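Undergrad: okay, sequence plus prediction incoming.
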Amino acid sequence: MSQSQPQPQSKSKSERWQWENGTAGAAAGFATVAAMHPLDVVRTRFQVNDGRVSTLPSYKNTAHAIFTIARLEGLRGLYAGFNPAVIGSTVSWGLYFFFYDRAKQRHSKNKEGKLSPGLHLASAAEAGALVCLCTNPIWLVKTRLQLQTPLHQTQPYSGLYDALRTIMREEGWSALYRGIIPGLFLVSHGAIQFTAYEELRKGIIDFKSKDRKKDSESDDKLLNSVDYAILGASSKIAAVLLTYPFQVVRARLQQRPSSDGIPRYMDSWHVVKETARFEGVRGFYKGITPNLLKNVPAASITFIVYENVLKLLKMARRKD
C-alpha cells in the first residue's frame, strides 16, 4: 500500500506544472502586442478597404498609413483596439501553448521518441480550433475598434465593454461569431507555423549537437535567443504566405454593419466572390506588407519570450 501512494502525488505535481506552457505563452502574447500594435491597425484597415464606398481614408503604403493615422487620430488611433488585442493575444497564446502541449502529450503517449510532422500538425490544429472558438468575440471587437475613424458615421464604441454590449443589443449573440468560418480555416496558420517551428528546431538541435547524445535538458542549453528569433520568423513567413487570404475574408466579415443594420458582406462566400470580382487575386493579399512587418518580428519576440520563460519555469519546477 505504501508503495502505491506516491503515484497520485507525482501525477498531481506533473499536472500542476503543465500550466507552465500556458503561462509562457501568455507572457509571449502580451509582449508581442505591446511592441507591434500600430502595424496591426494598419493591416486591418488595408484588409477591409475594397476600393469601393468606405469611411476609411485612402493610404498609399504602410508608412503613409502610419503617418496619416498619427496626424489625423494621434496615438489613440495607432493604438485603437489595444485593450481587446492585449486580452485576446494573451489569452490566445496562453491557451494555444497549453492546448498544444496537452495534445502533444496525448499523441506521444504510445509513441517512442519524437513526434512525426503529421502529429505536430494535428496537435497544432486541435489547439488552434479550441482557441478560435474561445476568442472570436474578442477579435471581432478588436477589428471594429481599429476601423473606427473620425469619419465613422455611426455612434462609435467607447471601448471593449461598450462594444460587446452594443453588438449584442443591436445584432444579437450570433454577431460575436461573425468570421468564425475563416477563423477556423486560419487554424491552418498556426498548424503550419508550429510544424515548421518544430521541424526547424529539431534540425538546428541536430546540427549543433552533431553525434552527441542529448536529452530534453541539453536541448534547452543548445538553443539561444538568436536561434529562437530565427525559428520564429522563418516559421511565421511560411504560415503567412499560405494562409493570408483567410485573414482578409475574416476582417471584411467582421466590419460593423452600416447605419441601416445591413452588413457589407453576408457570409464568407460572398466576400470571396466580391473580392475576386472587383479586385482579383491581389485583393486577397491587401495589407500583407504591414502584416509581415508586424508578424515576422512579432513571432521572433513571441518565441524568445516563450522559450525563455519556459526555461525559467522548468528551473523552478526542478527546485520545487
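TA: That came in fine, so what should we check first?
Undergrad: and the longest helix seen in the chain, average pLDDT?
TA: The longest helix of the chain (DSSP state H) is helix 288-319. Helix 288-319 shows a mean pLDDT of 84.
Undergrad: and for stretch 222-235?
TA: If you average the pLDDT over stretch 222-235, you get 89.
Undergrad: next one: stretch 174-186
TA: What stretch 174-186 shows for mean pLDDT is 95.
Undergrad: end to end on that stretch, go ahead and measure it.
TA: Counting by C-alpha to C-alpha, to the nearest Å, you get 20 Å between the two ends of stretch 174-186.
Undergrad: what's the answer for stretch 151-161, then?
TA: End-to-end distance of stretch 151-161 (C-alpha to C-alpha): 22 Å.
Undergrad: list of residues touching that stretch?
TA: With contacts defined as C-beta atoms under 8 Å, 6 or more residues apart in numbering, stretch 151-161 is touched by 55-57, 83-84, 87, 141, 144-145, 148, 163, 166, 256, 258-259. Bear in mind the C-beta positions are built from the backbone N, C-alpha and C, glycine included.
Undergrad: can you pick the most crowded of those residues?
TA: For the contacts of stretch 151-161, counting by other C-beta atoms under 10 Å, the largest number of neighbours falls to residue 141: 27 neighbours.
Undergrad: tell me where the stretch 151-300 of the chain has helices.
TA: Secondary structure of the stretch 151-300 of the chain by DSSP state H, counting those that start in this stretch: the helices cover 160-171, 180-185, 187-209, 216-222, 225-253, 268-279, 288-319.
Undergrad: elements contacting the shortest one?
TA: Under the contact criterion of 3 or more C-beta pairs under 8 Å, 6 or more residues apart in numbering; DSSP states H and E, the helices and strands touching helix 180-185 comprise helix 117-146, helix 225-253.
Undergrad: returning to that earlier point: and the longest helix of the chain with helix 187-209, angle?
TA: Counting by axes from the mean of the first three to the mean of the last three C-alpha atoms, to 10 degrees, helix 288-319 points 60 degrees away from the direction of helix 187-209.
Undergrad: next, the angle helix 225-253 makes with helix 288-319.
TA: 130 degrees.
Undergrad: so which bits of helix 288-319 are buried?
TA: Buried residues in helix 288-319, counting neighbours by 16 or more other C-beta atoms under 10 Å, are found at 288-292, 294-310, 313-314.
Undergrad: ok, how many other residues are close to residue 149?
TA: Neighbour count for residue 149, taken as other C-beta under 10 Å: 17.
Undergrad: surely residue 164 touches residue 141?
TA: Yes - checked against C-beta atoms under 8 Å, the pair residue 164 and residue 141 is within contact range at 6.2 Å.
Undergrad: do you know how far the closest residue to residue 77 other than its chain neighbours is from residue 26?
TA: Nearest non-adjacent residue to residue 77, counting by C-beta to C-beta, 6 or more residues apart in numbering: residue 69, 4.5 Å away. Residue 69 sits 28 Å away from residue 26, going by C-beta to C-beta, to the nearest Å.
Undergrad: same question, residue 130
TA: Shown here: residue 130 relative to residue 26, a distance of 15 Å by C-beta to C-beta.
Undergrad: which of those two has more neighbours?
TA: Using other C-beta under 10 Å as the criterion, residue 130 and residue 26 rank with residue 26 on top: 23 against 18.
Undergrad: what's the mean pLDDT across stretch 273-281?
TA: Mean per-residue pLDDT for stretch 273-281: 95.
Undergrad: let me redo that: stretch 34-41
TA: Average pLDDT, stretch 34-41: 88.
Undergrad: can you pull the buried residues of that stretch?
TA: Of all the residues in stretch 34-41, those buried under the rule 16+ other C-beta under 10 Å are 36-41.
Undergrad: go on, stretch 272-287?
TA: For stretch 272-287, by 16+ other C-beta under 10 Å, it's 272, 274-275, 279, 283-287.
Undergrad: what about the residue nearest to residue 77, which SS state?
TA: Applying DSSP: H, G, I helix; E, B strand; the rest coil to residue 69 yields a three-state assignment of helix.
Undergrad: count of neighbours near the closest residue to residue 194 other than its chain neighbours?
TA: Spatial nearest neighbour of residue 194, chain neighbours left out: residue 124 (3.9 Å); criterion: C-beta to C-beta, 6+ apart. Neighbour count for residue 124, taken as other C-beta under 10 Å: 27.
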